[in-house]
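Q: what follows is a predicted protein model with its sequence.
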Amino acid sequence: MTKAAVLGTGSWGTTFGMILAEAGTRTTLWGRRAEIVHAIDRDHENPDYLPGLRLPENLRATTDPAEAMAGADFVVLAVPAQTLRANLAAWKPFLPPEAVLVSLMKGIELGTTKRMSEVIVEVAEVPPGRVAVVSGPNLVGELAQRQPAAAVVACSDTMVADRFQEACHLPWFRTYTNPDVVGVELGGAVKNVIALAVGVAVGMGLGDNLRATLMTRGLAEISRLGAALGADQHTFAGLAGMGDLIATCTSPLSRNRTFGENLGRGMTMAEVVAATKQTAEGVKSCESVLDLAAKHDVEMPITEVVVGVVHDGMTPAEAAMLLMSRTPKPERYGV
Ligand SMILES: NC(=O)c1ccc[n+]([C@@H]2O[C@H](COP(=O)([O-])OP(=O)(O)OC[C@H]3O[C@@H](n4cnc5c(N)ncnc54)[C@H](O)[C@@H]3O)[C@@H](O)[C@H]2O)c1
Ligand SMILES: O=P(O)(O)OC[C@H](O)CO
């Protein structure tokens, strides 16, 4: 029987552990908080992140990373993106020698501007073919209710992608494979930034035309950055691109969109941060995405104003004015 360790007992780590367990993969969660781990292992519930959701009885949990990873074929990483490097360095001694490492994280590392799979390759010292990524329209608020959804499993080694696709495939959670790790990771990371922008527009009371415009031009930004980094442009028309962008930008379940909406309503950053109990990856990744774009001379105006509003004191009104007053351009650059 295939065995998996899921490192992180937050909303996505717990839910994905449930998916793996229901798909027949022997799964153990690792969490740092004993009270949450005991509740999952003993009471089959995560009271903090998924209260009321009955977890599979075969889904185990522990605070011991060695115990979680012992004999694992897959080690699934489900911590906030900016904590990956330090965590993985601590977990490295316990990684089974042949295990595939799977990233559920949607972020770009601050400072290095590395994608999560690049951080994993560097810290764990494994070849890219042993690193997979899962992304797509996967709002936990719906998945925890076992509502139908789909996701992409990306790995440069297509056999590895096929194996993990099988390990987490369910009738209500359809998995697709894609060899384009760069495109899948960029889609997942940058959609969070665009969702912040759409959230600000929602909070300001602006309408559906602007929301659709921000999503469309946001996808253009993601695609431009992807082209500069060698991604497959088809990926951005897929689940990890357009699919996740639509889900995140249109759903009140999205932490990133909600964060932006609170800013658009006039709350201060301090107030919004205090009100946000879960991870909104775009808040930190907007800066690393903009740095990555600058390294490759890619223009990302929506990302730029998101950094302005979230980190540099720009008001939502100033951001809207800046975007709408840009010089007229062809819809597609370079044509
Ligand atoms: N929740 C979703 O709907 C969803 C869906 C798809 C992908 N993701 C991605 O999954 C990743 C995990 O996010 P989440 O949604 O589960 O977040 P979350 O806020 O629900 O949970 C984060 C978990 O990480 C733990 N944590 C925080 N700091 C830590 C540290 N320094 N070391 C170890 N653990 C730490 C927290 O205690 C918590 O258990 C993110 O990159 C997110 O973008 C989330
Ligand atoms: O709640 P968000 O904004 O982190 O989005 C959750 C998932 O990434 C949606 O696919």
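A: The structure has been received and is ready for your questions. Ligands and ions are numbered 1, 2, ... in the order given.
Q: surely residue 332 is in a helix?
A: No. With DSSP: H, G, I helix; E, B strand; the rest coil as the criterion, residue 332 is assigned coil and is not in a helix.
Q: counting neighbours, what do you get for it?
A: The tally of other residues near residue 332 (other Cβ atoms under 10 Å) stands at 9. (Glycine included, C-beta is placed from N, CA and C.)
Q: residue contacts, it?
A: Residues counted as contacts of residue 332 (Cβ atoms under 8 Å, 6 or more residues apart in numbering) are residue 220.
Q: swap in residue 189?
A: For residue 189, the contact set (Cβ under 8 Å, 6+ apart) comprises 81, 106, 107, 108, 115, 281, 285, 289.
Q: if I look at it, how far off is ligand 1?
A: Here residue 189 is placed at a distance of 8 Å from ligand 1 (Cβ to the nearest ligand atom, to the nearest Å).
Q: cool, residue 210 as well?
A: As for residue 210, its distance to ligand 1 is 25 Å (criterion: Cβ to the nearest ligand atom).
Q: quick check: chain neighbours aside, which residue is closest to that residue?
A: Among residues not flanking residue 210 along the chain, residue 201 sits closest, at 5.2 Å (Cβ to Cβ, 6 or more residues apart in numbering).
Q: does the one you found belong to a helix or a strand, and which?
A: Secondary-structure element containing residue 201, defined by DSSP states H and E: helix 181-203.
Q: show me which residues of this protein sit near ligand 2.
A: Listed as neighbours of ligand 2 in the chain under the rule Cβ under 6 Å from any ligand atom: 106, 137-139, 192, 195, 244, 247-248, 254-256, 281.
Q: what would those look like in JSON lines with secondary structure, neighbour count and pLDDT?
A: Written out in JSON lines, the entries for the residues of the chain next to ligand 2 read as follows (DSSP: H, G, I helix; E, B strand; the rest coil; neighbours: other Cβ atoms under 10 Å; pLDDT from 0 to 100):
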{"residue": "106", "secondary structure": "coil", "neighbour count": "30", "pLDDT": "98"}
{"residue": "137", "secondary structure": "coil", "neighbour count": "22", "pLDDT": "98"}
{"residue": "138", "secondary structure": "coil", "neighbour count": "26", "pLDDT": "98"}
{"residue": "139", "secondary structure": "coil", "neighbour count": "20", "pLDDT": "98"}
{"residue": "192", "secondary structure": "helix", "neighbour count": "32", "pLDDT": "98"}
{"residue": "195", "secondary structure": "helix", "neighbour count": "32", "pLDDT": "98"}
{"residue": "244", "secondary structure": "helix", "neighbour count": "27", "pLDDT": "98"}
{"residue": "247", "secondary structure": "helix", "neighbour count": "21", "pLDDT": "98"}
{"residue": "248", "secondary structure": "helix", "neighbour count": "27", "pLDDT": "98"}
{"residue": "254", "secondary structure": "coil", "neighbour count": "25", "pLDDT": "98"}
{"residue": "255", "secondary structure": "helix", "neighbour count": "24", "pLDDT": "98"}
{"residue": "256", "secondary structure": "helix", "neighbour count": "28", "pLDDT": "98"}
{"residue": "281", "secondary structure": "coil", "neighbour count": "24", "pLDDT": "98"}
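Q: also near ligand 1: which of the residues you listed, exactly?
A: Among the residues of the chain next to ligand 2, the residues lying close to ligand 1 (Cβ under 6 Å from any ligand atom) are 106, 138, 139, 281.
Q: before we move on, the earlier item: thought the residue nearest to residue 210 was touching residue 265?
A: No. With the criterion set as Cβ atoms under 8 Å, residue 201 and residue 265 do not qualify as a contacting pair; they are 11.3 Å apart.
Q: neighbour count winner among those two?
A: For residue 201 against residue 265, the residue with the higher neighbour count under other Cβ under 10 Å is residue 201, and the figures read 24 against 16.
Q: so which residues on the protein come close to ligand 1?
A: So far as Cβ under 6 Å from any ligand atom goes, the chain lies against ligand 1 at 8-13, 32, 49, 78-81, 83, 87, 104-107, 138-140, 278-279, 281.
Q: now these: which count as buried?
A: Taking 16 or more other Cβ atoms under 10 Å as the criterion, what is buried in those is 8-13, 49, 78-81, 87, 104-107, 138-140, 279, 281.
Q: pull the contacting residues for residue 204.
A: Counting by Cβ under 8 Å, 6+ apart, residue 204 makes contact with 264, 265, 316, 317, 320.
Q: check residue 136 too.
A: When contacts are counted by Cβ under 8 Å, 6+ apart, residue 136 is found next to 149, 150, 151, 152, 188, 239, 240, 243, 244.
Q: PyMOL command to pick out the buried ones of the residues you listed?
A: Written as a PyMOL command, the selection of buried residues from the contacts of residue 136, which uses 16+ other Cβ under 10 Å, is:
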select buried, resi 149+151+152+188+239+240+243+244
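Q: relative to residue 225, which of the contacts of residue 136 is nearest.
A: Checking those against residue 225 by Cβ to Cβ gives residue 188 as the nearest, at 12.7 Å.
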